[in-house]
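1. Provide a 3D model corresponding to the input given below.
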Amino acid sequence: MTRAVNVRAEKNLLEAADLLNEAVTRDPMFFLGYCELASAHDQIYLGNVDHTPARLALADAAVKAALKLRPDSGEAHLALAEHLYCGFLDYDRARQEVEIARRTLPNESKVYELAGYIDRRQGRWNESVTNLRRALEIDPNNFYVLQQIARSYDFLRDFPNEIAVLDRVLTIAADDAGARLQRAAIDLEWHADVSSMHSTIEAIVTQNPALAEGLASVWLDLALCERDHASADRALAAVPAEGYGNEGFTFPRAWCSAVIARTHGNEVGARAGFTAARVEAAKFMRDQPIYGPALCVLGLIDAGLGRKEEAIGEGRRAVELLPVSKDAINGALLIEYLAVIYAWCGDKDHAIEQLAIVTDMPSSVNYGQLKLHPYWDPLRGDPRFEKIVASLAPK
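-> Numbering: from 1, shown residues only. The predicted structure follows:
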């Protein structure tokens, strides 16, 4: 249920923000430095590495500095577009700023790249791929854009096209750990075959143990699908103290130990883990009290603790706060997690109802996940669930 694209993404962004901040402090007239600094802060905020008002204010200050230096430049309007996209989910205004930037930057790949991301968040999947491919025409070896096109195909469950794109990625950067994981994950998602993912993770960790932390969440999900306690413990050891992220969701490290214990029937260990995780999740909520993904994580933890009424209320409220109409990626993930909450609370009817909704749209739900992941164990054997699983099976 998690995917890694860049196993060092969070640390890279934080390091970039620090270096860029140092650069503009030394040279307050460094226009492009402010644009890049705004982008780094915005990506940190959107990815929930630091989803706080303070981080958003830093991005806002950098955008304003860029606009003050060159108010008519395409680069400044592109920075503002990204800020509106990442910080406020204001896709209509972001699109307007992209169009302003396009007038002076007609051959800038980032213009079409950001347009593609806006399209994707608005559920305009075909338009998104078109814009991302236009960005690629301008910058043919843009490794990140290729990965993002592949990611769109993954949400669409268009695995043949995803394979073609990732094979191209790997001709550019054959040793990139994130791309290797993305490619290996297709066998698991499409065919419920864990072997490629297993061997790829083992190879990466053996070749470069320092990368284990960045792929820990994917490693843990694989171990859970395999029901391999020893492998799950190895993955848990690699999870950083602050937990891990999946899109805009942050899961405390204690959540991981709780899920492992739950999967292997250790009720005492599961309760201890979920109890500790709830303390951490409550801290996240203090910084972002109306942030849907944070509230949803709290709902999942409460479901694990058997706090059924609270869990369902939190999960439903999270979906209301960030519906698919506002964010096609995280909105769909919220519905998926709400289905898990219902399943864990013993409400199969609503769990299957939500799962059917999210299966009928581009999302991270796939055959391998439903077939193997223990999150869905409470639904196994129900004909309605098995029908959904069968509908996603490779044809």
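2. So what's the gap between stretch 193-207 and the chain middle?
-> Remark: stretch 193-207 is offset 21 Å from the chain centroid, using Cα atoms, centre = their mean, to the nearest Å.
3. just stretch 40-54 next, same as before
-> 13 Å.
4. Please export the alpha-carbon coordinates of it; PDB is fine.
-> Extracted C-alpha coordinates of stretch 40-54, given in PDB (Å, rounded to 0.1, in the frame of the first residue of the first chain):
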ATOM      1  CA  ALA A  40      11.500  22.900  -1.900                       C
ATOM      2  CA  HIS A  41       9.400  24.300   1.000                       C
ATOM      3  CA  ASP A  42       6.200  23.500  -1.000                       C
ATOM      4  CA  GLN A  43       7.200  19.900  -1.700                       C
ATOM      5  CA  ILE A  44       8.100  19.400   2.000                       C
ATOM      6  CA  TYR A  45       4.600  20.700   2.900                       C
ATOM      7  CA  LEU A  46       2.700  18.700   0.300                       C
ATOM      8  CA  GLY A  47       4.500  15.500   1.100                       C
ATOM      9  CA  ASN A  48       3.800  15.900   4.800                       C
ATOM     10  CA  VAL A  49       7.400  15.900   5.700                       C
ATOM     11  CA  ASP A  50       6.600  19.100   7.600                       C
ATOM     12  CA  HIS A  51       2.900  20.000   7.000                       C
ATOM     13  CA  THR A  52       2.800  22.900   9.400                       C
ATOM     14  CA  PRO A  53       1.800  26.600   9.100                       C
ATOM     15  CA  ALA A  54       5.500  27.500   9.700                       C
END
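5. Report the mean confidence score over that stretch.
-> The average pLDDT within stretch 40-54 is 92.
6. swap in stretch 184-201?
-> 98.
7. So which residues of the protein form strands?
-> Remark: strands assigned in the chain by DSSP state E are 244-246, 249-251.
8. Give me the helices and strands touching the first one, please.
-> Read that as strand 244-246. On a contact count with 3 or more Cβ pairs under 8 Å, 6 or more residues apart in numbering; DSSP states H and E, strand 244-246 meets helix 216-226, strand 249-251. The way it works is simple: take the backbone N, C-alpha and C, and place the C-beta from them, glycine included.
9. can you list the weak-confidence ranges in this protein?
-> Residue ranges of the chain with pLDDT under 70: 1-9.
10. Can you tell me which residue is spatially central in it?
-> In the chain, the residue lying closest to the centroid (Cα atoms, centre = their mean) is residue 247, at 2.1 Å.
11. So what does that residue have for phi and psi?
-> Dihedral pair for residue 247: phi 60, psi -130, per degrees, to the nearest 10.
12. correct me, but it touches residue 332?
-> No. Between residue 247 and residue 332 there is no contact under Cβ atoms under 8 Å: 9.7 Å.
13. How much space separates the spatially closest residue to residue 79 that is not a sequence neighbour from residue 378?
-> Distance criterion Cβ to Cβ, 6 or more residues apart in numbering; nearest residue to residue 79, sequence neighbours excluded, is residue 35 at 4.3 Å. For residue 35, the distance to residue 378 equals 48 Å [Cβ to Cβ, to the nearest Å].
14. Looking at these two, which has the bigger crowd around it?
-> residue 35 (25 against 18; other Cβ atoms under 10 Å).
15. and that one, what is it in contact with?
-> When contacts are counted by Cβ atoms under 8 Å, 6 or more residues apart in numbering, residue 35 touches 62, 66, 75-76, 78-79.
16. how about these in JSON lines, adding neighbour count and distance to residue 317?
-> Shown next, in JSON lines, are the contacts of residue 35 (neighbours: other Cβ atoms under 10 Å; distance: Cβ to Cβ, whole Å):
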{"residue": "62", "neighbour count": "26", "distance to residue 317": "32"}
{"residue": "66", "neighbour count": "28", "distance to residue 317": "36"}
{"residue": "75", "neighbour count": "19", "distance to residue 317": "39"}
{"residue": "76", "neighbour count": "26", "distance to residue 317": "37"}
{"residue": "78", "neighbour count": "27", "distance to residue 317": "35"}
{"residue": "79", "neighbour count": "30", "distance to residue 317": "33"}
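17. Relative to residue 144, which of those is nearest.
-> Among the contacts of residue 35, residue 78 lies closest to residue 144 (Cβ to Cβ), at 15.9 Å.
18. ok, the closest one - contacts?
-> Residue 78 neighbours (Cβ under 8 Å, 6+ apart): 35, 97-98, 101, 105, 108, 110-111, 114.
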